[in-house]
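Chemist: can't give you the sequence, but here's the structure:
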Ligand SMILES: Nc1nc2c(c(=O)[nH]1)N[C@H]1C(S)=C(S)[C@@H](COP(=O)(O)OP(=O)(O)OC[C@H]3O[C@@H](n4cnc5c(=O)[nH]c(N)nc54)[C@H](O)[C@@H]3O)O[C@H]1N2
Ligand SMILES: Nc1nc2c(c(=O)[nH]1)N[C@H]1C(S)=C(S)[C@@H](COP(=O)(O)OP(=O)(O)OC[C@H]3O[C@@H](n4cnc5c(=O)[nH]c(N)nc54)[C@H](O)[C@@H]3O)O[C@H]1N2
Ligand code: SF4
Ligand SMILES: [Mo]
């Protein structure tokens, strides 16, 4: 640090009274300039909590960051990723210019030339092979207006429904489950339920590392107000050490655990009969649904009415003692869990992350968790309810609403004529242009490369050549040259490695945006700095391509004002109080609003005291998303996983997240401090398994599944410890690809891959 930098550092410290985590000591361009640091408000973009941050801008650079004490999500806190987030803007290998592959290497070209090539190729592909030969794979990293522009370009302009996003990988089952159970997707409550609850039950959710700021809110509440936090988990993690009680259960056993708890609640007559009679109906669905291993992994469900009596009979098979061989949970613990959920004096919040959704029956698991809460009438009220914490910064009920999913329109469903007409009216197109058949979901897009059905693919803000399951299959598919691939990203990735054209993406702070989070809060993020080189928002790139394709009339927006213009158009789809979107003016400069929101926000949906769309004549709750205004308890059986362990592959492999990295590490590996803290992937083993195999901390081991093998160092009881017979590998490392091992089985109702159940063998590397 130079003399001047150090002085600035101390000055900022003194001026703010807080500790800015970073001053741009690595900045070489700043020279001797000493403009004051100006603090500006924005949400953090490195996970779904969406913490409110204050970013220090000086000389056109983001040089410091600290938590915003008035931000509702974090109240001044931030995790280590947040504190270093601005460094991810300045990695030396940032993509600044468009590139086109020539003779095997990507070479820099003027942006207009890249646009011309993309547009020509897209036009030619549609002409030659039809609109079903082009696909777009977008991202939970997107701003809502990026998603809106993408949906309009693909569905409204090109007439192709082959568009999906990486949200498929983390929240699809939660959304399908909530829609089936309570008729609306996205959480009914919000993060504020943490402070209202008496008990939080974490379901296989290592929240200490995945949503650390929310975990600290729980711990604070536990310290001051005797909130009890318990977990049901397959692995002992940092979360387990900080809470009241941790119960182990067997991999994939969720549905059996849930039904065992419900059986106990019914057997002990702890059901909330009044709530059931007034607000609940029963449903069963298709049961021979398979594992989504080929073709389009999503199959439609066929719901049929069921009765209370049928439900009680159904639960009979899951009595605690009977289901113990599947659940691995002692009957007295099931009784204890049931009494926690049912106790009329306690408000209970169930919380889970994406790992629970990454389940071959993920939609059913989500239905089941709603079942417990519906049975005891603890839902959609302060401190009572379910809170799935879903993934990437785009969050839960945000990106997919903008019409960027294969079956969705900005409002409604492509299969519904009235929804198509609404979209056509707002877009100013002929309704017949919109395809009435849902398109390919994420895995189906990449399966489409296998047989050359997809010949043009545009990937934005996601790194599928690292993050897809059964990766060898999709890398093989992408290696063929029948598909033209465009990739928009801020950094080179394993996916830009397969691109024919690369476009430079503006990231956080470099563009205006509206972002969602996992708790239904919409937040505005202003542009604070210039993007590097030719980088621009994903929407701007798409608008330029649309113009070149002759759709200028549909996208009459300028680079400077496209966010407001497209947001205002998107809002026209949501004039109804159940989904109303606030104006940009209401979001700008504020700390966000809980969607749906007009002039005020909606704290608890479907609760008639809070939700303007709910009808008070129906009592305390109105589940208006279902035509009969009732929530549904689903009779969804336990079924075995797509793959199980055996003598050759005796270990269960689970994979996921570490505190220091986000996603596939594209951003966090450019943050030197985080990269050095956790430079690469490793495999965690149970200490006794490790001892039996002669493996110690640091031993190099080989993991072998039915699909591939990887080599990596072992970790024994360092940070977390899997149960016996299980191993865990973080999925951020593009050099050690856990997805060479995983299976691409899916929940057939949501299309979300089951990353968590795969059988492996563990060998010492000699
Ligand atoms: N084995 C295994 N695999 C998994 C998982 C697992 O648990 N186990 N988890 C799955 C889950 S939950 C997820 S979410 C995925 C994550 O997988 P991906 O979505 O593939 O990973 P990210 O690293 O989040 O990718 C985001 C990319 O977008 C870029 N980016 C960020 N913002 C923008 C933007 O605004 N525009 C553009 N164009 N680019 C941007 C970043 O540089 C980064 O390269 O991985 C999945 N894969
Ligand atoms: N620091 C950080 N935070 C993040 C992210 C990040 O990349 N970094 N990403 C965000 C995103 S995109 C997502 S989707 C969420 C993910 O959030 P979570 O879903 O909480 O993710 P994980 O910690 O990856 O997985 C949770 C746990 O589930 C266990 N598990 C689940 N099912 C099974 C099973 O059948 N068997 C076994 N043995 N274990 C199982 C895994 O061992 C793991 O400990 O986190 C978000 N927050
Ligand atoms: S918890 Fe998430 S949103 Fe908050 S600072 Fe950390 S990475 Fe950012
Ligand atoms: Mo995710």
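Modeler: Thanks, I have it. No experiment lies behind these values; they were computed from the predicted model shown. Numbering: from 1, shown residues only. Ligands and ions are numbered 1, 2, ... in the order given.

Chemist: give the contact list for the closest residue to ligand 2 within the stretch 601-750 of the chain.
Modeler: At 1.9 Å from ligand 2, residue 656 is the closest residue in the stretch 601-750 of the chain, using C-beta to the nearest ligand atom. The C-beta positions use only the backbone N, C-alpha and C, and glycine is treated the same way. Applying C-beta atoms under 8 Å, 6 or more residues apart in numbering to residue 656 gives the contacts 206, 210, 355, 728, 730, 731, 755, 756.

Chemist: filter these down to the ones near ligand 2?
Modeler: 206, 210, 355, 728, 756 (C-beta under 6 Å from any ligand atom).

Chemist: surely the first one is in contact with residue 234?
Modeler: Put plainly, it is residue 206. No: checked against C-beta atoms under 8 Å, the pair residue 206 and residue 234 is beyond contact range at 10.0 Å.

Chemist: those two: who's more crowded?
Modeler: residue 206 (26 against 22; other C-beta atoms under 10 Å).

Chemist: tell me the spacing between the more buried one and residue 257.
Modeler: 18 Å (C-beta to C-beta, to the nearest Å).

Chemist: just residue 153 next, same as before
Modeler: Distance from residue 153 to residue 257, by C-beta to C-beta: 44 Å.

Chemist: what about those two, which has more around it?
Modeler: More crowded of residue 153 and residue 257, by other C-beta under 10 Å: residue 257, with 28 against 25.

Chemist: so the more buried one: helix, strand or coil?
Modeler: Residue 257 falls in the helix class when you classify it by DSSP: H, G, I helix; E, B strand; the rest coil.

Chemist: and for the one 4 residues further on?
Modeler: Reduced to three states with three-state DSSP, the structure at residue 261 is helix.

Chemist: burial check on it, number of neighbours?
Modeler: 32.

Chemist: from memory it sits against residue 338, does it?
Modeler: Yes: with contact defined as C-beta under 8 Å, residue 261 counts as touching residue 338 (5.0 Å).

Chemist: got a list of what the closest residue to ligand 3 within the chain touches?
Modeler: Closest to ligand 3 within the chain is residue 82: 2.3 Å, counting by C-beta to the nearest ligand atom. Shown in contact with residue 82 (C-beta under 8 Å, 6+ apart): 44, 46, 51, 53, 65, 67, 213.

Chemist: run a quick neighbour tally on residue 467.
Modeler: So residue 467, with other C-beta under 10 Å, has 25 neighbours.

Chemist: phi, psi for it please.
Modeler: Dihedral pair for residue 467: phi -90, psi -10, per degrees, to the nearest 10.

Chemist: against residue 714, how distant is the residue nearest to it when sequence neighbours are not counted?
Modeler: With sequence-adjacent residues excluded and distances taken as C-beta to C-beta, 6 or more residues apart in numbering, residue 467 is closest to residue 664, at 5.5 Å. Per C-beta to C-beta, residue 664 is found 22 Å from residue 714.

Chemist: kindly report the same for residue 491.
Modeler: Distance from residue 491 to residue 714, by C-beta to C-beta: 30 Å.

Chemist: compare the two (neighbour count), which wins?
Modeler: residue 714 (23 against 19).

Chemist: part of a strand, is that one?
Modeler: Yes: assessed with three-state DSSP, residue 714 lies in a strand.

Chemist: next, find the distance separating it from residue 738.
Modeler: 14 Å.

Chemist: which stretches of the stretch 201-350 of the chain form helices?
Modeler: 207-210, 212-225, 238-241, 254-267, 273-279, 308-316, 320-327, 331-342 (DSSP state H, counting those that start in this stretch).

Chemist: ok, which of those helices comes nearest residue 381?
Modeler: Evaluated with C-beta to C-beta, those place helix 273-279 nearest to residue 381, the distance being 10.7 Å.

Chemist: now do the closest one: which elements does it pack against?
Modeler: Applying 3 or more C-beta pairs under 8 Å, 6 or more residues apart in numbering; DSSP states H and E, we find helix 273-279 packed against helix 362-375.

Chemist: just checking, what packs against the helix or strand following the helix it packs on?
Modeler: Remark: after helix 362-375, the chain's next helix or strand is strand 385-388, criterion DSSP states H and E. Strand 385-388 sits against helix 172-182, strand 348-352, helix 362-375, with contacts defined as 3+ C-beta pairs under 8 Å, 6+ apart.

Chemist: can you lay out the ones you listed as JSON lines showing distance to residue 201 and mean neighbour count?
Modeler: As requested, the helices and strands packed on strand 385-388 are exported to JSON lines (distance: least, C-beta to C-beta, whole Å; neighbours: other C-beta atoms under 10 Å):
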{"stretch": "helix 172-182", "distance to residue 201": "16", "mean neighbour count": "28"}
{"stretch": "strand 348-352", "distance to residue 201": "5", "mean neighbour count": "25"}
{"stretch": "helix 362-375", "distance to residue 201": "9", "mean neighbour count": "28"}
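
Chemist: show me which residues of the protein sit near ligand 2.
Modeler: Residues of the chain lying near ligand 2 (C-beta under 6 Å from any ligand atom): 47-48, 81, 170, 204-206, 209-211, 234-235, 237, 251-252, 353-355, 391-392, 652, 654, 656-657, 659, 661-663, 722, 726, 728, 756-757.

Chemist: for residue 312, which non-adjacent residue is spatially closest?
Modeler: Using C-beta to C-beta, 6+ apart, the nearest residue to residue 312 is residue 266, at 5.9 Å.

Chemist: tally up the residues packed near the one you found, please.
Modeler: Residue 266: 18 neighbours (other C-beta under 10 Å).

Chemist: ok, now which ones touch it?
Modeler: 312, 315, 375.

Chemist: please enumerate residues in contact with the lengthiest helix in the chain?
Modeler: The longest helix of the chain (DSSP state H) is helix 111-129. Contacting residues not belonging to helix 111-129 are listed as 97-100, 133-134, 158, 160, 455-456, 458, 484, 486, 501, 503, 534, 541, 544-545, 548-549 [C-beta under 8 Å, 6+ apart].
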